[in-house]
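>>> fold the stuff below for me.
(chains A and B)
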Amino acid sequence: MFAVIAELSRWAIPVILLIVPVVAMLRGVKVYETFVEGAEAGFATAIKTIPYLVAMLVAISIFRASGAMEVLVVVLSPVLNYIGLPAEVLPHAVMRPLSGGAALGIASDVVKTYGPDSFLGRLVSTMQGSCDTTFYILTLYFGSVGIRKYRYSVLLGLVADFTTLIASVIIVRMVFQ
Amino acid sequence: MVNIVWLVMVVFSILVAAANGNIEIITKAALEGANDAVKISLSLIAIITFWLGIMKLAEAAGLVRALAWLVRPLMRFLFPSVPRDHPAMGAIVMNLSANILGLGNAATPMGLIAMRELQTLNRNSDTASEAMCTFLGLNTSCITLIPTTIIGIRLLYGSADPTEIVGPTIMATATSMFVAIMVDRLLRLIYSGRR
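Predicted coordinates:
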């Protein structure tokens, strides 16, 4: 099963790159000209995200460096303990929606310290694999089209992250114990 | 909400740094964060330009429309405000598929293309539309089949079975995707009343 999925991932993009231009040509599309026409907007789209990402990443960066994250972990620990999350993976749970790189650092540290096949190693691996960097995605996606008012999407993203967290704890306990 | 989250992060960080007697770290970290942000945006230029070109071709060839047509029943349910066969549907499907397959490099540009398409349908250009909120909810909770990076790390530290977490990851992400869809419906109802 895993091998099939892995193979699918390996082939997906080359196959798209083959099919799209060939079908376009058969349909009488001028392939080169159309590609360039579409690609034109790439630079502007990427540049447009700069102010949004700067605002968000500056806040996340000082949040990590100042020690405020450790304070948040302490504040949240009663809630997270209540759902059965071990203290060793708390920093990861708090960091995951904010910064993909930092969360990965914490996860590899837990895997290294407790071993990949320990309960904590498996749990943090599942948490790393299943959660997303919600704040980064929101900032980047909304930023690229100039949206400043996010309405309920932040709340929705955090609810999804929290659900993934609880589900990871319960499922890893069920599967491996 | 994002205003409050942002303000609290900034103010709280500065207070904690001051209490720790470590106030100079703030300036350094702020500049580092800004620097990282610009680097990320610049690194996106290449892959967004490339995928925008490919997607334009796919659109001209009618493939995006065909893809949108294939998954129409599901997408009609999830995105009632988007017209049938709209290119946004195709881009959303492409983004979610790339997410599911763990193709991070393709997922981001597809997502940004989907946002551009959704923005053409948005009546209020500085405010997130309902379809955008649904899309981002799906995107961040999306089912993941192979978490490549963490499997690599497990392998590095000598796991007997690095891929054993694939099953739990699929189950955890399927649960959160389901919950995200439900919560999105609920929030949509609550917020549509407020407008």
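
>>> domain ranges for chain A?
Domain assignment of chain A by automatic domain parsing yields the ranges A:1-40, A:43-176.

>>> for the last one, what is the distance to the chain centroid?
For domain A:43-176, the separation from the chain centroid amounts to 8 Å (computed by C-alpha atoms, centre = their mean, to the nearest Å).

>>> same thing with stretch A:29-38?
Worked out by C-alpha atoms, centre = their mean, stretch A:29-38 lies 32 Å from the chain centre.

>>> any idea which of the domains of chain A is most buried?
domain A:43-176 (a mean of 21; mean count of other C-beta atoms under 10 Å in any protein chain shown). Where you see a C-beta, it was placed from the backbone N, CA and C, and this is true even at glycine.

>>> from the opening residue of it to its closing one, how far?
Taking C-alpha to C-alpha, to the nearest Å, domain A:43-176 runs 47 Å from one end to the other.

>>> show the average pLDDT along that domain.
Averaged across domain A:43-176, the pLDDT comes to 91.

>>> tell me the phi and psi of B:Ala17?
phi -60, psi -40 (degrees, to the nearest 10).

>>> name all residues that make contact with the closest residue to it other than its chain neighbours.
Using C-beta to C-beta, 6 or more residues apart in numbering or on different chains and skipping residues adjacent in sequence, the residue nearest B:Ala17 is A:Ser66, 3.8 Å away. Contacts here follow C-beta atoms under 8 Å, 6 or more residues apart in numbering or on different chains; on that basis A:Ser66 touches B:Ser13, B:Ile14, B:Val16, B:Ala17, B:Asn20, B:Asn22, B:Ile25, B:Ile26, B:Ala29.

>>> where do the helices sit along the chain?
The chain I'm using is chain A. Under the criterion DSSP state H, chain A contains helices at A:2-26, A:31-39, A:42-48, A:50-65, A:68-82, A:90-95, A:100-114, A:119-130, A:134-144, A:153-176.

>>> actually, chain B is the one I wanted.
Using DSSP H, helices in chain B cover B:2-19, B:24-60, B:63-70, B:72-78, B:87-100, B:104-120, B:130-141, B:148-156, B:166-194.

>>> how close does the closest residue to chain A within chain B sit to B:Phe135?
The nearest approach of chain B to chain A comes at B:Lys56, 2.3 Å away (C-beta to the nearest C-beta). Relative to B:Phe135, B:Lys56 is positioned 20 Å away (C-beta to C-beta, to the nearest Å).

>>> just to revisit the earlier point, which of the contacts of A:Ser66 has the largest number of neighbours?
Most neighbours among the contacts of A:Ser66, by other C-beta atoms under 10 Å in any protein chain shown: B:Ser13, with 27 neighbours.

>>> list the contacts of that one.
A:Ala59, A:Ile62, A:Phe63, A:Ala65, A:Ser66, A:Ala68, B:Ile26.

>>> switch to 6 Å and redo it
By C-beta atoms under 6 Å, 6 or more residues apart in numbering or on different chains, B:Ser13 lies in contact with A:Ile62, A:Phe63, A:Ser66, A:Ala68.

>>> for it, give me the pLDDT.
95.

>>> with B:Thr144 instead?
For B:Thr144, the predicted pLDDT is 84.

>>> cool, and the one 4 residues further on?
Looking at B:Thr148, its pLDDT is 79.

>>> same check, this time on B:Leu70
B:Leu70 is assigned 84 on the pLDDT scale.

>>> number of residues surrounding it?
13.

>>> what does B:Ile170 give?
Using other C-beta under 10 Å: B:Ile170 sits among 21 other residues.

>>> hang on, the earlier thing: can you redo the domains of chain A as CSV with distance to B:Met182?
Formatted as CSV, those follow (distance: least, C-beta to C-beta, whole Å):
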stretch, distance to B:Met182
domain A:1-40, 27
domain A:43-176, 10
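
>>> return the residue of chain B that is most distant from the centre.
B:Gly21 (37.5 Å; C-alpha atoms, centre = their mean).

>>> ok, now which ones touch B:Pro147?
A:Gly129, B:Thr169.

>>> got the phi and psi for it?
phi -80, psi 90.

>>> residues making contact with the helix or strand of chain B with the lowest mean pLDDT?
Within chain B, judged by mean pLDDT, DSSP states H and E, the helix or strand with the poorest mean is helix B:63-70; its value is a mean of 85. Residues from elsewhere that reach helix B:63-70 (C-beta under 6 Å, 6+ apart): B:Ala58, B:Asp85, B:Pro87, B:Met89, B:Gly90, B:Val93.

>>> swap in 8 Å and give it another go.
Counting by C-beta under 8 Å, 6+ apart, A:19-20, A:23-24, B:55, B:58-59, B:75, B:84-87, B:89-91, B:93-94 sit against helix B:63-70.

>>> kindly report the same for stretch A:154-162.
A:96-97, A:131-132, A:134-135, A:137-138, B:1-2, B:5, B:133, B:136-137, B:140-141, B:176-177, B:179-180, B:183-184, B:187.

>>> mind redoing it with 6 Å?
With C-beta under 6 Å, 6+ apart as the criterion, stretch A:154-162 contacts A:97, A:131, A:134, B:1-2, B:137, B:140-141, B:176, B:180, B:183-184, B:187.
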